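Novice: prediction below, plus the sequence it came from.
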Amino acid sequence: MKILLSHPTGNANVRAALKAFNETNMLDSFHTSIATFNDTIYEKLSLFKALNDFNRRRFDEKIKTVTYTYPSKELGRLIASKFNLKYFIEHEKGNYSIDSVYNYIDYCVSKKLKKSESVQGVYCYEDCAINTFKIAKERGINCFYDLPSGYWRRGQKLLKELHKTRPDWSNTLSGLKDSEAKLNRKDTELLLADQIIVASSFTAQTLLDFPEKLSKIKVIPYGFPETTTSKKYDYDGNRPLKLLFVGNLSLLKGIANVLEAVENFKEHVSLTIVGRKTTDDCKPLNEGLKKHHWIPSLNHASILELMRNSDVLVFPSLSEGFGLVITEAMSQGTPVITTNSTGGKDFIVNNKNGWIVETDSTNSIVSVISELLNTPDKVACVGMEAIKTASSRTWLDYQKDLVLSIENIKSVN
């Protein structure tokens, strides 16, 4: 089966899917906004410090000849974001909003698909599939839908609860801003899919809230990065326990619980926070960041290094389709405190290779940190078990499972 894959930006799991399809001779074409390859204008531009973000759009040279780009909307979004031109990137309304970027890519891909004679399957992601899927259905082409996050109806319930229980953090929550039209598009995408692929049992479970019958849902967990051989375990209780948080600084990611938890330990812990603010208008977040080491952004290699040099990653997300930072930290030998509302519950055994705490429970996090302060050797014991887990599932395993899942779907022709 020849697969057309589209994604507006690209990330680790998109790159893994591309590699899987390309190495099995299944990749017909890849469609995105911006793609950086050797000897291209984006590679030259990335040499300038202000434009080195283009390096994040670098893809395998092997797919260069089958990659199609539609950069106008995304370039506009990047420029507007850089100069804080909020009008142009306003949620759903801005001409260069992230919604506009996704819709534009979907539109361009659907136009391409109308003319294609070779595509037998389209592999698309949430918010960027509806037009492509409609054309695919007209032409008897298989539709594969990758849902990277929890289903929106479950998410809306959670967001409404959080707005009531934590109003001082509500400005960090943007999910309730989605229009009815956008939410309806999400549902239409799901209904058009011949197979829905998710990365965790948590995401699959949220789809139980869908009001109609869906096609087969396949759980394919992402792979772990290559494991480290240079992790040093030197925490003995005679220095502060080095805690790390990596993620967007919103209530949904659990940053409020992290900031509240560390208040109980003062000089006994140190906290480093890596992530961008979702808003400047959140008093408890702003006050919390002043007390700790905050890094708004780091490249991937630097994040992995920081993980190796930390004792524990604290990532108590309230709703996470998977949580790549969990697998990244574990691959670096750094044990993780996370919740059962992430992909972590599929491979973390509590108190063995990490810790699973209750969702939105500061006290649960406090309990684990207290245990580590009292028994510092657990950091090394649990960290070494985390590495073992990470070595048991690579991105190659993910690629094999993905290809097998695609091959097992009968043609709709």
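Specialist: That came in fine, so what should we check first?

Novice: which stretches of this protein form strands?
Specialist: Secondary structure of the chain (DSSP state E): strands at 3-6, 27-32, 67-69, 121-125, 142-146, 195-198, 216-219, 241-246, 269-274, 293-295, 312-315, 336-339, 355-357.

Novice: turn those into a markdown table, including distance to residue 55 and mean neighbour count.
Specialist: Bear in mind the C-beta positions are built from the backbone N, C-alpha and C, glycine included. Putting the strands of the chain into a markdown table (distance: least, CB to CB, whole Å; neighbours: other CB atoms under 10 Å) gives the following:
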| stretch | distance to residue 55 | mean neighbour count |
| --- | --- | --- |
| strand 3-6 | 21 | 26 |
| strand 27-32 | 15 | 22 |
| strand 67-69 | 16 | 16 |
| strand 121-125 | 22 | 26 |
| strand 142-146 | 24 | 24 |
| strand 195-198 | 28 | 23 |
| strand 216-219 | 32 | 17 |
| strand 241-246 | 19 | 23 |
| strand 269-274 | 18 | 20 |
| strand 293-295 | 18 | 14 |
| strand 312-315 | 24 | 25 |
| strand 336-339 | 27 | 27 |
| strand 355-357 | 34 | 24 |
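
Novice: nearest to residue 207, out of the ones you listed?
Specialist: Nearest to residue 207, of all the strands of the chain, is strand 216-219, at 6.1 Å by CB to CB.

Novice: what lines up beside the closest one in the sheet?
Specialist: strand 195-198 (parallel) (DSSP bridges).

Novice: what's the biggest helix in this protein, counting residues?
Specialist: Ranked by residue count and defined by DSSP state H, the top helix of the chain is helix 98-115.

Novice: now that one: mean pLDDT?
Specialist: For helix 98-115, the mean pLDDT works out to 97.

Novice: that one: which residues count as buried?
Specialist: For helix 98-115, burial by neighbour count (16 or more other CB atoms under 10 Å) applies to 98-106, 108-110, 112-113.

Novice: report the inter-axis angle for it versus strand 27-32.
Specialist: Counting by axes from the mean of the first three to the mean of the last three CA atoms, to 10 degrees, helix 98-115 points 150 degrees away from the direction of strand 27-32.

Novice: ok, and what's touching helix 98-115?
Specialist: Contacts with helix 98-115, where a contact means CB atoms under 8 Å, 6 or more residues apart in numbering, come from 4, 6-8, 29, 31-33, 68, 70, 72-74, 77, 89, 91-92, 94, 119, 122, 124, 127-132, 134-136, 139, 141, 182.

Novice: inside helices: which ones of those?
Specialist: Per DSSP H, the subset of the contacts of helix 98-115 in helices is 72-74, 77, 130-132, 134-136, 182.

Novice: which of those has the most neighbours?
Specialist: Within the ones in helices among the contacts of helix 98-115, neighbour counts (other CB atoms under 10 Å) peak at residue 132, which reaches 28 neighbours.

Novice: now it: how far from residue 121?
Specialist: According to CB to CB, to the nearest Å, residue 132 and residue 121 sit 11 Å apart.

Novice: give the residues shared as contacts by those two.
Specialist: If you check residue 132 and residue 121 against CB under 8 Å, 6+ apart, the residues they both contact are residue 4.

Novice: who's in contact with residue 168?
Specialist: 282-284.

Novice: switch the cut-off to 6 Å
Specialist: Neighbour list for residue 168: residue 284 [criterion: CB atoms under 6 Å, 6 or more residues apart in numbering].

Novice: could you check the distance from it over to residue 85?
Specialist: With CB to CB as the criterion, residue 168 and residue 85 are 28 Å apart.

Novice: what do you get for residue 231?
Specialist: 43 Å.

Novice: who has more neighbours out of these two?
Specialist: residue 231 (18 against 15).
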